[in-house]
Each structure stands twice: as structure tokens, then as C-alpha cells.
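Novice: How does the following fold in three dimensions:
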Amino acid sequence: MVFYLSISRFTFFIAMSKKEQNKLLNELAIEAQKHPPLSRQRQIAINQLLNIIYKRFYQKDSYYSYYYNQYKINTIYDEVVQQCLIYINKNIDKYNPELSSVITWVDGIFKYRLLDNLRDCKKKAITLSYPDELLEQIPAFNEYEQLESNAEKLIRIIKEDPDKIFENAYIRGHPNASFQYLMLSRSQGKSWQDIAEELNIGIQSLNSFFNRNLRKFTPKIREYLKNN
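Specialist: Prediction:
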């Protein structure tokens, strides 16, 4: 499935303000939703919408440019783009203008499709499991060529805990529920439900503690990965 948009029309689109862009894409999405599936009117609106979105995926200074530069060599990016366009085409009725703009909706679809593809690549490349949260929190960890070495480094660093910061960060009153323990448990493939039952702590409390400390320790983890 390939989509095209004339350069002149897309140039006109990117010359618009962000508010105007959102309004145009929103109007196209709503117009498509007004008509029954397979109708000519619906397909015209969807095609116009997809043409603009397709061009945005490859616009040099767009939100997606970083991901394009990171993953174009492995053809991951092109695959993700096509999956996004197909999803939007089939699921335009799931878009809710009261919850977000079309651009925000598409950004979310792109993000999850990219993570799914990276996880598939990880499974093909290595058997070692590690927290999916790191795919989002540590950009350097997303490099396809470095997945195996970084995974091994990460687990070793968490275990060794050179400065004892991961071991000493734990939920108040639960010294066994340290950031180190949670990281290693997740790296072994344990679910949050399993960990919660094991420690007798609510999942929400575990997630809140883990995510807060993951953000806190991410710079240190980056430093460890770089220097080890």
C-alpha cells in the first residue's frame, strides 16, 4: 500500500500553523466517519488523510525524523509506517476527536507499532528478557545492533550495583521490594501480578515506585552503559 500527495499540496499543509493542521486532519477524519465503509465518499476522505500522514512520516524536521534516522537501515521504519497506515485505514472509526487530535492519535499508533517491531527484533536476536519500560525510557537501548550487548550490560550493572543505589532504593517498609529486585525480576520475565503476589504489595504501588525510580536512575543507567 503506497500513498502519494502532490508536493504543492503538502507544502501548503506544512505552511499551516499546528492548529490549522490539526483542524484539517480532524475534518478529514470526521468526514470519513460520516460515510459507510467502502463508500466512495469515505474512501476519498481517508485517502486525503492518509496522504498527508504518509508525507509527515518522511518529513525531515517532523516528530518522526529521529526514528527514521535510527531505523531506516533495518527497514523497520518503513514497515512501521505501512502498519500505521493500514491500521488507520481500517480503524478510522476508533478515532475520537474529543480525546485527542488526529496527530496525537497517529503518534500513539506509531509509537506502539514501533515498540512491537523492536520487541520482535529483540526476540529474534536474543533470548534474554528485560523490562519493556526501558525501550521507552532509554533511547540508547533501542539500537537494534546493540540489543544483545546492552541487555547483558544492563543486567550485569543492576546485579553489581556499583554504587548500591538500586539496592538501597526500596518501597518504605518493604526492603525486599528494591528497585534492583524489581528490575531483575522483570528481566527474568516475571509479570507485575506475580511480583505483587510475591511481595504482597499492590500492583499500583509497585508501578508507581518503579516508574518514579526508573526516571530517576535513567541518567545513571545511561552512564553505566556508556562506560562499561
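Novice: Grab the nearest non-local neighbour of Ala177.
Specialist: Nearest residue to Ala177 in three dimensions, chain neighbours excluded: Ile171, at 4.3 Å (Cβ to Cβ, 6 or more residues apart in numbering). (Each C-beta comes from the backbone N, C-alpha and C, glycine too.)
Novice: for the protein, which strand is longest?
Specialist: If you go by DSSP state E, the chain has its longest strand at strand 174-178.
Novice: Listing partners with orientation, what would you give for that one?
Specialist: Strand 174-178 pairs in its sheet with strand 170-171 (antiparallel), by DSSP bridges.
Novice: The residue nearest to Ala177 - how many residues pack around it?
Specialist: Neighbourhood size, Ile171 [other Cβ atoms under 10 Å]: 19.
Novice: what's near enough to touch Tyr77?
Specialist: If a contact means Cβ atoms under 8 Å, 6 or more residues apart in numbering, then Tyr77 has 67-68, 70-71 as its contacts.
Novice: can you pull the buried residues of the helix or strand where it lies?
Specialist: Assigned by DSSP states H and E, Tyr77 falls within helix 76-90. If you call a residue buried by 16 or more other Cβ atoms under 10 Å, then helix 76-90 has these buried ones: 76-77, 80-85, 87-89.
Novice: Can you add distance to Pro175 and pLDDT and give those back as CSV?
Specialist: Below are the buried residues of helix 76-90 laid out as CSV (distance: Cβ to Cβ, whole Å; pLDDT from 0 to 100):
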residue, distance to Pro175, pLDDT
Ile76, 41, 79
Tyr77, 44, 84
Val80, 42, 87
Val81, 47, 89
Gln82, 49, 89
Gln83, 44, 88
Cys84, 45, 91
Leu85, 50, 90
Tyr87, 45, 90
Ile88, 48, 92
Asn89, 52, 91
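Novice: Spatially central residue in the chain, please.
Specialist: Lys111 (3.4 Å; Cα atoms, centre = their mean).
Novice: which parts of stretch 188-205 are buried?
Specialist: For stretch 188-205, a neighbour-count test (16+ other Cβ under 10 Å) marks 195-196, 199, 201 as buried.
Novice: now do stretch 97-105
Specialist: 101-103, 105.
Novice: Now Pro36: phi and psi?
Specialist: Backbone torsions of Pro36, given as degrees, to the nearest 10, read phi -70, psi 150.
Novice: got it, and Gly173?
Specialist: According to degrees, to the nearest 10, Gly173 has phi 80, psi 0.
Novice: With Ile201 as the reference, measure out to it.
Specialist: Using Cβ to Cβ, to the nearest Å, one obtains 10 Å as the distance from Gly173 to Ile201.
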